[in-house]
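[1] pasting the sequence and the predicted coordinates here, then a few questions.
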Amino acid sequence: MNRRESLKALTIGTLSTGVLLKACKPKDQNAEVSKQKEGEADRPQNEIDRNKKLNAEKFFTEHEMVTITVLADLIIPKDDKSGSASDAKVPEFIEFIVKDMPDHQLPMRGGLRWLDIQMLNLYDNPFKDCTSQQQLQMINEVAYPAKAKPEMQQGVAFFNRMRSLTATGFFTSKMGMDDLGYVGNSPNQWNGVPDDVLKQYGLTYSEKELKESVRF
Amino acid sequence: MGDIQIKKSSKVYDAIVVGSGAGGGMAAFVLANAGVKVLLLEAGPFFDPLKHSQQLKFSYESPRRGASTAFRNGGDFDAAYGGWELAGEPYTRKDNTQFDWFRARMLGGRTNHWGRISLRFGPKDFQPNDGYSENWPITYEEVKPYYDKVDRLIGVYGTKEGLENEPDGIFLPPPKLRLNEMFIKKGAESVGVKVIPGRGSVLTKALENNKDRGACFFCGQCGRSCKVYADFSSSSCLVIPALKTGNLELIPNAMVRQVLTDTRGLATGVSYISTDDLQEYQVSGKTVVLGASSCESARILLNSKSSTHQNGLANSSGLVGKYLQDSTGSSLGGMLPQLMDRKRYNEDGVGSVHLLGPWMHDNKKLDFPRGYHIEFGGGMGMPGYGFGGDVPRLNGQLPGRDGKMKEAGGFGASLKDDYRRFYGTGVGMSGRGVGMARIDNYCEIDPNLVDRFGIPVLRFHYKWNNDEINQAKHMQQTFQSIMHAMGAIVTTSERNAENNWGLAAPGRIIHEVGTARMGNDAKKSVLNKWSQAHDCKNLFVVDGASHVQQSDKNATWTILALSMMTSEYILEQNKKQNI
């Protein structure tokens, strides 16, 4: 069941935990993104207003957004398990988060320009318009902090930030959580580490633990 | 300014309680259930976890993926409104010292988001007799019946361990350890560090005789507050039930300025500004109970000057605001290489600790007084803002799927796979220890500044000394030895003398207490052992302000027990017509 249904079950009353557990079948574990409705009752108005204000603003230029998209997809490409960063709307997340956390703005804007200048000097084109081979060559220069050349350090710092934001954006999306195999955030009864996992690591619960702990 | 006037209500309440957290909530609950007419004033809005909790939302339901905001410093899903800075309500610091003050303005206050780690103080915490700590005017034996009642009323899981200074309670069964905690337990025990099942106020089983609260469904999100009331928040477990008695009136968004007193020096009521309409109000009560939080209650007392209380209310000793203490805190994070590519399943468990390391050392062999406990964690939590931050560093330290080492960092399919491989391998340990009570750690009224309501604000002066710094060093040595025993890779940056062994700044652990300490001597304390002001017999303080000397145990369970004790004392004194 999705969150809205979970919550409906919760309001039934005193038996709510039991109702919730019965109603939550495994197939329903991954809830849909609930649409944030205006005046949503579970948040104070100042939070709703701030999100609305940020969503109405635009920080990155079209040029910058295209560059961010190329970079994000180089960092997290589509593979046989899941889609790419842009499939998971990572660029949109990055646009939001730099407005929400202004400390990201200058290093992101400046870093993107640093990258374009490198590429213009080398290939006469901004990063986004270079060939993928040219792009890869540059990324190789900034993606490995310990072996990067001294003159590439500013690029390394920018790429570290870009990589972190891309990882957050991807693995906190529904696509990213499914890729990871995340199955939490769902009502259940915790009965301890599954037997096959205990066996895999050669661990056991002590008699005392088994006797004292809650069991279902 | 001609449109501002003070609105005085003619109604006289039996008791006015200021603040709705653990202390104020318990007082309102006990008094209202005894038939006393109570008015509860809360500076923030009404909050009911059933309606307002962010429980069971996925990170992608927050545009910032759960990151913190100015409105919620604990993160976009955290239950506490507010945090280290509140707009229009500043505080200041003195002599380049640091104290950070976390405030949650809302019904239930910080109990909506706290870690639910629920520990009794032990006999040696009340009576340290170590030649160093101050003794309390009460003993464990005196408080024990109230701890018992709190356990039964609210519910706490744990196990009987029979340890001298970690008194057993009336426990619900604890949750089993998660995988990472099993590794920690094994590692800790191998280096002689005692660990026991956690103790937390989460209903692992439904509470007998309580039809309003559900049992835990193991989402691990106590920090968001619980929609079925399966964990302890003052809002869900005390105030909302107390409202049902019909004896409790609640005014939210009521920011208290001061306690009003008469010519005899007795409390007659409270004045407040409504943050809804910005009008001024005065309400009358026969007894005033402050539970606004240790520092906010001290602020109210110091701002309540009158001809009979020229130094601030209940402050003839000059000790209101003094002896401010926060817990020490230092932590270390790591990852377990043996858990790479681990099997996925739901291991959310409870949102409090499953595993706890009590303090077992003899201080005679150590270079600091008192001690700390350790809180452990780790595992397959919900990915949120900052996810996988260590991966591009760690992937150069461990072989890849092909068994070969590679350069740290990277991008593309191989990095994407690394995030999967490292997921759920994290372990963390945090020490929470005794900050010593010292007269020169304090809050006072800043003579130069008021907040947006015109209320004079607090100014803090707080410094750690070697007692706390050496303790943090000991924590780090213990953590390192456990990490080493587990074969973990430490992921946090180095803790050393330069950074006080990772000791968090005062205030950061949010366990501040001590600003109106109790004692038998009115010259050396603000309150008596019943948390009643020496200088004003119908004034009580039921938050952490009364604490003489904190212990390594977080204060909440003791605040609840002492507030219950005080509330029963008020009822008894009312009966005898003493107040």
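    Received the coordinates, thanks.
[2] just the helices from the chain, written as ranges.
    All of this is about chain A. Under the criterion DSSP state H, chain A contains helices at A:3-10, A:16-23, A:45-56, A:62-75, A:90-100, A:105-123, A:132-142, A:153-171, A:174-180, A:195-201, A:207-212.
[3] looking at chain B here, not the other one
    B:22-33, B:49-52, B:123-126, B:140-154, B:179-190, B:234, B:240-243, B:294-303, B:391-394, B:413-422, B:466-486, B:556-575.
[4] for residue B:384, which of those is the nearest?
    Proximity to residue B:384 (CB to CB) singles out helix B:413-422 among the helices of chain B, at 13.8 Å. Every residue, glycine included, has its C-beta placed from N, CA and C.
[5] what's that closest one packed up against?
    With contacts taken as 3 or more CB pairs under 8 Å, 6 or more residues apart in numbering or on different chains; DSSP states H and E, helix B:413-422 sits against helix A:153-171, helix A:174-180, helix B:391-394.
[6] deepest of those, which one?
    Sort these by mean neighbour count, taking mean count of other CB atoms under 10 Å in any protein chain shown, and helix A:153-171 sits at the top with a mean of 22.
[7] give the rounded mean pLDDT of the longest strand anywhere in chain B.
    Taking DSSP state E as the assignment, the strand of chain B that covers the most residues is strand B:6-18. Averaging pLDDT along strand B:6-18 yields 96.
[8] what of stretch B:159-176?
    Rounded mean pLDDT across stretch B:159-176 is 98.
[9] give me the buried positions along it.
    By 16 or more other CB atoms under 10 Å in any protein chain shown, the buried positions in stretch B:159-176 come out as B:159, B:165-167, B:169, B:171-176.
[10] one more: stretch B:520-538?
    B:525-538.
[11] for those residues, give me CSV that also has distance to chain A.
    Below are the buried residues of stretch B:520-538 laid out as CSV (distance: CB to the nearest CB, whole Å):
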residue, distance to chain A
B:525, 39
B:526, 35
B:527, 35
B:528, 40
B:529, 36
B:530, 36
B:531, 33
B:532, 36
B:533, 35
B:534, 40
B:535, 39
B:536, 36
B:537, 39
B:538, 35
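[12] now, which of these lie within strands?
    Taking DSSP E as the definition of strands, these contribute B:532-533, B:536-538.
[13] would you mind listing what in the stretch 301-450 of chain B touches chain A?
    B:338, B:342-350, B:380-389, B:391-392, B:396, B:407-413, B:415-417, B:419-420, B:423 (CB under 8 Å from any CB of the partner chain).
[14] where does the chain dip in pLDDT?
    Chain wasn't specified; assuming chain A. Counting by pLDDT under 70, the ranges of chain A that qualify are A:1-40.
[15] actually it's chain B I care about, not the one you picked
    By pLDDT under 70, the low-scoring segments of chain B are B:1-2.
[16] and the buried ones among the residues of the stretch 301-450 of chain B next to chain A, selectable in ChimeraX?
    To isolate the buried members of these in ChimeraX, using 16+ other CB under 10 Å:
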select /B:342,345,346,347,348,349,350,380,381,382,383,384,385,387,388,391,392,396,408,409,410,411,412,415,416,417,419,420,423
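[17] coming back round to it: can I get the helices of chain A in JSON lines with distance to chain B?
    Shown next, in JSON lines, are the helices of chain A (distance: least, CB to the nearest CB, whole Å):
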{"stretch": "helix A:3-10", "distance to chain B": "5"}
{"stretch": "helix A:16-23", "distance to chain B": "4"}
{"stretch": "helix A:45-56", "distance to chain B": "5"}
{"stretch": "helix A:62-75", "distance to chain B": "5"}
{"stretch": "helix A:90-100", "distance to chain B": "5"}
{"stretch": "helix A:105-123", "distance to chain B": "14"}
{"stretch": "helix A:132-142", "distance to chain B": "6"}
{"stretch": "helix A:153-171", "distance to chain B": "5"}
{"stretch": "helix A:174-180", "distance to chain B": "5"}
{"stretch": "helix A:195-201", "distance to chain B": "6"}
{"stretch": "helix A:207-212", "distance to chain B": "5"}
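[18] tell me the contacts of residue B:554?
    Contacts for residue B:554 (CB atoms under 8 Å, 6 or more residues apart in numbering or on different chains) come out as B:114-115, B:117, B:119, B:327, B:432, B:511.
[19] any idea how far residue B:512 is from it?
    Using CB to CB, to the nearest Å, residue B:554 is found at 11 Å from residue B:512.
[20] repeat for residue B:86
    Taken as CB to CB, the span from residue B:86 to residue B:512 is 16 Å.
[21] out of those two, which sits in the more crowded spot?
    More neighbours surround residue B:512 than the other of residue B:86 and residue B:512, with 31 against 22 (other CB atoms under 10 Å in any protein chain shown).
[22] wait, the more buried one touches residue B:294, no?
    Yes: if you go by CB atoms under 8 Å, residue B:512 and residue B:294 touch, sitting 5.0 Å apart.
[23] identify the contacts common to the two.
    Counting by CB under 8 Å, 6+ apart, the shared contacts of residue B:512 and residue B:294 are B:324, B:544.
[24] dump stretch B:182-193 to PDB, restricted to CA.
    The C-alpha trace of stretch B:182-193 is given here as PDB (Å, rounded to 0.1, in the frame of the first residue of the first chain):
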ATOM      1  CA  MET B 182      26.200  -8.100  16.000                       C
ATOM      2  CA  PHE B 183      29.700  -7.300  14.500                       C
ATOM      3  CA  ILE B 184      30.100  -4.400  16.900                       C
ATOM      4  CA  LYS B 185      29.100  -6.500  19.900                       C
ATOM      5  CA  LYS B 186      31.600  -9.200  18.900                       C
ATOM      6  CA  GLY B 187      34.300  -6.600  18.300                       C
ATOM      7  CA  ALA B 188      33.600  -4.700  21.600                       C
ATOM      8  CA  GLU B 189      33.500  -7.800  23.700                       C
ATOM      9  CA  SER B 190      36.800  -9.000  22.300                       C
ATOM     10  CA  VAL B 191      38.500  -5.800  23.600                       C
ATOM     11  CA  GLY B 192      36.700  -5.900  26.900                       C
ATOM     12  CA  VAL B 193      34.100  -3.200  26.200                       C
END
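[25] show me which residues of it are buried.
    By 16+ other CB under 10 Å, the buried positions in stretch B:182-193 come out as B:182-185, B:187-188, B:193.
[26] contacts for stretch A:205-216, please.
    A:189-192, A:198, B:157, B:159, B:172-177, B:182, B:197, B:204-205.
[27] measure it end to end?
    Start-to-end span of stretch A:205-216 (CA to CA, to the nearest Å) is 16 Å.
[28] just checking, residue B:414 touches residue B:404?
    No: using CB under 8 Å, residue B:414 is not in contact with residue B:404; the gap is 11.1 Å.
[29] more neighbours: these two, which one.
    Neighbours per residue (other CB under 10 Å) separate residue B:414 from residue B:404, with residue B:414 holding more: 14 against 7.
[30] so what's that one up against?
    If a contact means CB under 8 Å, 6+ apart, then residue B:414 has B:400, B:406 as its contacts.
[31] swap in residue B:332?
    With the criterion set at CB under 8 Å, 6+ apart, residue B:332 makes contact with B:428-429, B:476, B:479-480, B:483, B:490, B:492, B:495, B:502.
[32] between those, which sits nearest residue B:95?
    Of all the contacts of residue B:332, residue B:95 sits closest to residue B:502, with 23.8 Å by CB to CB.
[33] distance of that closest one from chain A?
    Between residue B:502 and chain A the computed distance is 22 Å (CB to the nearest CB, to the nearest Å).
[34] ditto for residue B:61
    For residue B:61, the distance to chain A - CB to the nearest CB - is 6 Å.
[35] for residue A:171, see how far away that residue is.
    As defined by CB to CB, residue B:61 lies at a distance of 15 Å from residue A:171.
[36] equivalent analysis for residue B:322, please.
    48 Å.
[37] what of residue B:150?
    Plainly put, residue B:150 is 41 Å away from residue A:171 if you go by CB to CB.
[38] residue B:470 now?
    On the measure of CB to CB, residue B:470 and residue A:171 end up 40 Å apart.
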